[in-house]
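**Student:** with the sequence up front, the predicted model follows.
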Amino acid sequence: MELEIIGTIVGLVYLWLEYRASIYLWIASIIMPAIYIFVYYEAGLYADFGINVYYLGAAAYGWMVWKFGSQSQEKKELPITNMPKRSWLKAGVVFIVALLAIAWLLINYTDSNVPWWDAFTTALSIIGMWMLARKYLEQWWVWIVVDVVCVGLYIYKNLHFTAALYALYTIIAIFGWLNWKKLMKKQQA
């Protein structure tokens with residue numbers, strides 16, 4: 001339970017940094033999954049365990065893209081943009097393939113009693129993390145869906161601090177979307 005509380009605190013710092021579109025969110029994005037790897041494994045949420053391994057690598061990728069990902073000659077920090085329409089179909093295909101593959105693994109190789117829900121949040125989180133790394137405004141809507149489903153899942157798994165964190169994530173994600181929308185307009189001006 002101590003690790004869950006520490007992870008919750010780091011998660012709050014992460015969310016605050018993400019809300020502000022601060023590049024330093026990626027530091028918290030390394031620490032938080034390192035903690036939650038243990039929390040989720042102990043709770044039998046194996047896909048959530050696996051996604052946190054992915055988050056560790058994605059944090060390094062996100063840091064590099066945010067720092068050096070701009071197409072301009074000055075190599076400024078990546079701006080907030082809308083996700084290109086051509087990327088939505090690709091993201092949808094990746095989500096469906098990941099969902100089916102993760103659910104199949106959980107059903108056939110673990111004792112998970114929530115394989116489909118665990119697979120759903122994990123597959124959608126893969127898409128959300130990629131969208132965050134590309135600094136797409138719509139990543140907030142993906143996280144809202146993930147957060148709402150996770151609240152129920154974590155209550156079911158008796159991870160009450162984590163459920164409370166994800167309930168807060170849901171609320172802050174709405175405000176995050178509004179803030180990023182404002183920041184995007186300011187960048188474009």
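**Tutor:** Yep, that arrived. Residues are numbered from 1 along each chain as shown.
**Student:** for the helix-or-strand element of the chain with minimal mean pLDDT, packing partners?
**Tutor:** Lowest on mean pLDDT, DSSP states H and E among the helices and strands of the chain sits helix 46-68, with a mean of 86. If contacts are counted by 3 or more C-beta pairs under 8 Å, 6 or more residues apart in numbering; DSSP states H and E, helix 46-68 sits against helix 25-43, helix 85-109, helix 115-133. In short, each C-beta sits where N, CA and C put it, glycine included.
**Student:** out of those helices, which is the most enclosed?
**Tutor:** helix 115-133 (a mean of 22; mean count of other C-beta atoms under 10 Å).
**Student:** select the longest helix from the chain.
**Tutor:** Assignment by DSSP state H gives helix 160-188 as the longest helix of the chain.
**Student:** gap between that one and the chain center?
**Tutor:** 12 Å (C-alpha atoms, centre = their mean, to the nearest Å).
**Student:** on that earlier part again, residues in contact with the least confident helix or strand of the chain: which ones?
**Tutor:** 23, 26, 29-30, 32-34, 36-37, 40-41, 75, 77-78, 102, 105-106, 110, 112, 115, 118-119, 121-122, 125-126, 129-130, 132-135 (C-beta atoms under 8 Å, 6 or more residues apart in numbering).
**Student:** one more: stretch 98-111?
**Tutor:** 44, 46-47, 50, 112, 115-116, 118-120, 122-124, 126.
**Student:** dump the residues you listed into a markdown table; add distance to K182 as well.
**Tutor:** Shown next, in a markdown table, are the contacts of stretch 98-111 (distance: C-beta to C-beta, whole Å):
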| residue | distance to K182 |
| --- | --- |
| G44 | 41 |
| Y46 | 39 |
| A47 | 34 |
| G50 | 35 |
| S112 | 40 |
| P115 | 39 |
| W116 | 37 |
| D118 | 35 |
| A119 | 35 |
| F120 | 31 |
| T122 | 31 |
| A123 | 30 |
| L124 | 25 |
| I126 | 27 |
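**Student:** wait, which of those is closest to V93?
**Tutor:** A123 (11.3 Å; C-beta to C-beta).
**Student:** I'd like to know how far that closest one sits from W143.
**Tutor:** 14 Å (C-beta to C-beta, to the nearest Å).
**Student:** CSV please, covering the helices and strands packed on helix 46-68 and showing distance to C150.
**Tutor:** Converted to CSV, the helices and strands packed on helix 46-68 look like this (distance: least, C-beta to C-beta, whole Å):
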stretch, distance to C150
helix 25-43, 11
helix 85-109, 15
helix 115-133, 5
